[in-house]
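Participant: need a 3D model of the following:
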Amino acid sequence: MVMIVAIVVIALSFDYINGFHDAANSIATIVSTRVLTPRAAVVWAGFFNFIAFVVFPLHVAHTIGKGIIDPKIIDDAVLLSALGGAITWNLITWWYGLPSSSSHALVGGLLGAGISKGGFAVVQQSGVAKTALFIVVSPVLGMILGGGMMVLVAWVFRRKHPGRIDRWFKRLQLVSSAMFSLGHGANDAQKTMGIILAMLIAKGRLGAHAELPIWVILCCQAAMGLGTLTGGWRIVRTMGMRLTKLKPSGGFCAETGAAGMLFLASALGIPVSTTHTITGGIVGVGWVNNPAGVRWGVALRIVWAWLFTIQSAAIVAAVLYFGLRALGI
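Facilitator: Have a look, this model is predicted:
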């Protein structure tokens, strides 16, 4: 029982750090366009992060809990190592202000710990393949949707006064930010639910096909929302202010395009990176408005962080796994 409580607490700590790390995804555009103050923005995003479980089914949680590594090999050391690898990578990238993927850090942690215990045979190829595919698909589709919406908005409002357009889209950004925060809460909080689900199944507390207990759902959504409330300001500056300059209409298009991508992925049960998705949306809008205005050097740093996330988290998790085994856990 003590180990169950310990794993739940560490999993919720990851969830909190995930919300803290990814707050920029939900609020960067709405803060950079000065629609809301930073504090008001995180309260707004945190609320919609929390209520996401009443809107979306829990498909992503089942993918993480059963679709990355074979649930039969999951034990305390595997779960602790996976969470440790993901948390460590999240904190490193937060420190350097890089908007990396908490989702892929967790997937990397599970792979590193699982392979360390059972070899490559434990990898669930279909789940990993879907996740790997969407490393490319989510930012590209976010960019296409965000850029496409920017083209549509520019055409529809081409004869309107810029000041009036800004006033309209400052109100609409409240809606687009709420939509993106719902998508973030649906996709990211469910990943921690999946970890706790895997642990409860491994310890015989739940059957292999059991539904998630309501206390797991509420705790994970609350931890994600509280993490968002504290905000990751280093990453907000990178996402909302250094990547490209946005107006309210551009912020609306980036958030709406990215939200559409998250809604699709959550419905399909695919754990995607909200970071990749909103970055694609912002770059798509910036490219449509002014390709020279996109700071491609900053974008390249972000891409490098993406490329190394799964491997880095896996390596840390593997080291932690062998350390825990040496300690007899």
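
Participant: phi, psi for the closest residue to residue 218 other than its chain neighbours please.
Facilitator: Setting aside the residues directly before and after it, residue 218 is nearest to residue 53 in space (Cβ to Cβ, 6 or more residues apart in numbering), at 7.8 Å. C-beta coordinates here come from the backbone N, C-alpha and C atoms, glycine included. Backbone torsions of residue 53, given as degrees, to the nearest 10, read phi -70, psi -20.

Participant: same thing with residue 123?
Facilitator: Per-residue torsions, residue 123: phi -70, psi 130 (degrees, to the nearest 10).

Participant: just to revisit the earlier point, surely the residue nearest to residue 218 and residue 185 touch.
Facilitator: Yes - in this structure, residue 53 is within contact of residue 185 by Cβ atoms under 8 Å, at 7.4 Å.

Participant: neighbour-wise, which of the two wins?
Facilitator: Neighbours were counted for residue 53 and for residue 185 using other Cβ atoms under 10 Å; residue 185 has more, 31 against 22.

Participant: before we move on, the earlier item: any idea how far residue 43 is from the residue nearest to residue 218?
Facilitator: Noted for residue 53: a distance of 19 Å to residue 43, by Cβ to Cβ, to the nearest Å.

Participant: so where's the stretch 151-300 of the chain uncertain?
Facilitator: 231-246, 292-300 (pLDDT under 70).

Participant: try 80 this time
Facilitator: Applying pLDDT under 80 to the stretch 151-300 of the chain flags the ranges 159, 161-163, 166, 207-210, 228-247, 273-276, 279, 289-300.

Participant: so which residues of it form helices?
Facilitator: 162-202, 214-230, 233-237, 248-268, 274-289, 296-326 (DSSP state H, counting those that start in this stretch).

Participant: point out the most buried one among those.
Facilitator: Compared across these, helix 274-289 shows the largest average neighbour count, a mean of 28 (mean count of other Cβ atoms under 10 Å).

Participant: got the angle between it and helix 248-268?
Facilitator: 140 degrees (axes from the mean of the first three to the mean of the last three Cα atoms, to 10 degrees).

Participant: what packs against helix 274-289?
Facilitator: Applying 3 or more Cβ pairs under 8 Å, 6 or more residues apart in numbering; DSSP states H and E, one finds that helix 274-289 contacts helix 2-32, helix 125-156, helix 162-202, helix 248-268, helix 296-326.

Participant: out of those, flag the one nearest residue 83.
Facilitator: Closest to residue 83 of these, according to Cβ to Cβ: helix 2-32, at 5.1 Å.

Participant: okay, the angle between the closest one and helix 248-268?
Facilitator: Going by the same axes, to 10 degrees, helix 2-32 makes 150 degrees with helix 248-268.

Participant: and helix 2-32, average pLDDT?
Facilitator: Helix 2-32 comes out with an average pLDDT of 81.
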